[in-house]
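Novice: sequence below, structure please.
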Amino acid sequence: MSTEIRPYRIEVPQADVDDLRERLHRTRWGTDLPGQGWSRGVPVDYLKGLAAYWADGYDWRAAEARLNELPQFVTEVHGQPIHFAHVRSANPDATPLLMTHDWPASFVAFTTVVEKLTDRFHLVLTNTPGVGFGGPLVGPGWNTGKIAGAFNEIMDRLGYDRYGVQGGDVGASVSPEVARVAPDAVVGVHLNGNIGMPFHELGADELASLTDLERDRLRRIGEFMQSEFGYISIQGTRPATLGAALADSPVGQLAWIVDKLRAWTFPAETPPEDIIGIDRLLTDVMLYWLTDTSASSAYVGYAQDTAWGEKAPPSGVPTAVIVFAHDVGIRRYAEQDHTIVRWTDVQGRGGHFAALEEPELLLDDVRTFFRDLRRS
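Specialist: Numbering: from 1, shown residues only. Next comes the predicted model:
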């Protein structure tokens, strides 16, 4: 197995950019369902507006140049090319920090925090195997354990024998697994998102013991299972079927991603492009479109080999969690499979995409957690 780490530069052929624009211009548009609004998916008129800007207003070359300001690399683990950015700090005492993204995001989500984290951290900004410029998956079995092992291998190849990890959503499943795979290497785990959800029926005494905040989160978990779980069912069972549709339609890829961006940014009533910026939104979609990794990303994110909610043993590695307003994590349940030493509830601010929506709050929590670890 080659352990070489090769420099990488994003250089998308102009033919691919032109092909995308042509496809967008000749989109065959569907029609809204009667009385749909956002209740059954992305409204057509809204989608038309985004697609028109994507075709004739969005500048991929400018986005590509900004991404190429980050030192990027590709290495192979288990035969799978994995793409990541590696930004070293000038601080000789900096802590190496592996950052793992959620779905439907990519390493692009971390570009908002790079400059302000490199004063204290050497950053390794990963793309999950099968997402982005590493290309589609070349082999099966990429569950969270295998991904975690691959990321630890990358940190080892970079010369980091002690490091921290940070992640949200899917990344919040992978990051603790890195600590379980390599507990002697990981100094701390920082998570954001929905860590600690009950997957059992709560009895009367347990319900009565919940705080008002926990009851609200439990209520929203129920609403999610009722009205939003469909994408998980599809990605978890038929990622290839979904991929066949999205690989041929940029508007389909856009709709699949923006549906979740709208539901998961905070507040949901505000268009996601007004929260994270339309160019950043489209750059994330471009990453999936240009690399044909929609099926791979669905597979590695959701087609796992364990049941939802299955508990894993705590790694023993100190773990911090920040839960923003949209999130539904509950500490008492998170403590069953994580070694929680810090828990921060943020009310009234922030959605699922912490680095894009509330970078300063996320940065402060990451800095404080790892600073306190160094002091202990």
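Novice: list the buried residues in stretch 149-168.
Specialist: By neighbour count on 16 or more other Cβ atoms under 10 Å, the buried set for stretch 149-168 is 149-155, 158, 160, 163-168. Heads up, the C-betas are built off the backbone N, CA and C, glycines and all.
Novice: so which of those residues are in helices?
Specialist: Judged by DSSP state H, helices contain the following of the buried residues of stretch 149-168: Gly149, Ala150, Phe151, Asn152, Glu153, Ile154, Met155.
Novice: what's the closest of the residues you listed to Leu361?
Specialist: For these, the minimum distance to Leu361 (Cβ to Cβ) is 25.0 Å, reached by Phe151.
Novice: for Arg157, see how far away that closest one is.
Specialist: Per Cβ to Cβ, to the nearest Å, Phe151 is found 11 Å from Arg157.
Novice: go on, Phe369?
Specialist: Phe369 is 26 Å from Arg157, by Cβ to Cβ.
Novice: what's the answer for Ala182, then?
Specialist: Taken as Cβ to Cβ, the span from Ala182 to Arg157 is 13 Å.
Novice: count of neighbours near the nearest residue to Thr339 once chain neighbours are set aside?
Specialist: Excluding the flanking residues, the one nearest Thr339 by Cβ to Cβ, 6 or more residues apart in numbering is Pro314, at 4.7 Å. Per other Cβ atoms under 10 Å, the neighbour tally for Pro314 reads 17.
Novice: contacting residues for Pro314?
Specialist: With contact set as Cβ atoms under 8 Å, 6 or more residues apart in numbering, Pro314 has these partners: Asp337, His338, Thr339.
Novice: just Asn68 next, same as before
Specialist: Neighbour list for Asn68: Arg9, Ile10 [criterion: Cβ under 8 Å, 6+ apart].
Novice: and if you look at the one 4 residues further on?
Specialist: With contact set as Cβ under 8 Å, 6+ apart, Gln72 has these partners: Pro7, Tyr8, Arg9, Ile10, His83, Phe84, Ala85, His86, Phe133.
Novice: which one of the buried residues of stretch 149-168 is nearest to Arg217?
Specialist: Nearest to Arg217 out of the buried residues of stretch 149-168 is Gly168 (Cβ to Cβ; 16.2 Å).
Novice: can you give me the pLDDT of the closest one?
Specialist: Model confidence at Gly168, given as pLDDT, is 91.
Novice: surely it touches Asn192?
Specialist: Yes: assessed by Cβ atoms under 8 Å, Gly168 is found in contact with Asn192 at 4.2 Å.
Novice: buried ones in stretch 203-223?
Specialist: Leu210, Glu214, Arg217, Leu218, Ile221.
Novice: what comes into contact with that stretch?
Specialist: Met197, Pro198, Leu202, Asp327, Val328, Gly329, Ile330, Arg332, Asp345, Gln347.
Novice: most neighbours, which of these?
Specialist: Busiest of the contacts of stretch 203-223 [other Cβ under 10 Å] is Asp327, holding 28 neighbours.
Novice: surely that one is within a strand?
Specialist: No: under DSSP: H, G, I helix; E, B strand; the rest coil, Asp327 falls outside any strand and is assigned coil.
Novice: residues in contact with Glu153?
Specialist: Counting by Cβ under 8 Å, 6+ apart, Glu153 has contacts Val77.
Novice: find the nearest non-adjacent residue to Pro198, please.
Specialist: In this structure, Pro198 finds its nearest non-sequential neighbour in Tyr333, 5.2 Å apart by Cβ to Cβ, 6+ apart.
Novice: can you show me the CA trace of the host helix or strand of Arg367 as PDB?
Specialist: Using DSSP states H and E, Arg367 maps to helix 359-375. The C-alpha coordinates for helix 359-375 follow below in PDB (Å, rounded to 0.1, in the frame of the first residue of the first chain):
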ATOM      1  CA  PRO A 359     -18.200  30.400  13.400                       C
ATOM      2  CA  GLU A 360     -17.300  32.700  16.300                       C
ATOM      3  CA  LEU A 361     -19.300  30.700  18.800                       C
ATOM      4  CA  LEU A 362     -17.900  27.400  17.500                       C
ATOM      5  CA  LEU A 363     -14.300  28.900  17.500                       C
ATOM      6  CA  ASP A 364     -14.600  30.100  21.100                       C
ATOM      7  CA  ASP A 365     -15.900  26.700  22.300                       C
ATOM      8  CA  VAL A 366     -13.100  24.800  20.500                       C
ATOM      9  CA  ARG A 367     -10.400  27.100  21.800                       C
ATOM     10  CA  THR A 368     -11.700  27.000  25.300                       C
ATOM     11  CA  PHE A 369     -12.000  23.200  25.400                       C
ATOM     12  CA  PHE A 370      -8.500  22.400  24.100                       C
ATOM     13  CA  ARG A 371      -6.900  25.200  26.100                       C
ATOM     14  CA  ASP A 372      -8.400  23.700  29.300                       C
ATOM     15  CA  LEU A 373      -7.200  20.300  28.300                       C
ATOM     16  CA  ARG A 374      -3.700  21.600  28.000                       C
ATOM     17  CA  ARG A 375      -3.900  23.100  31.500                       C
END
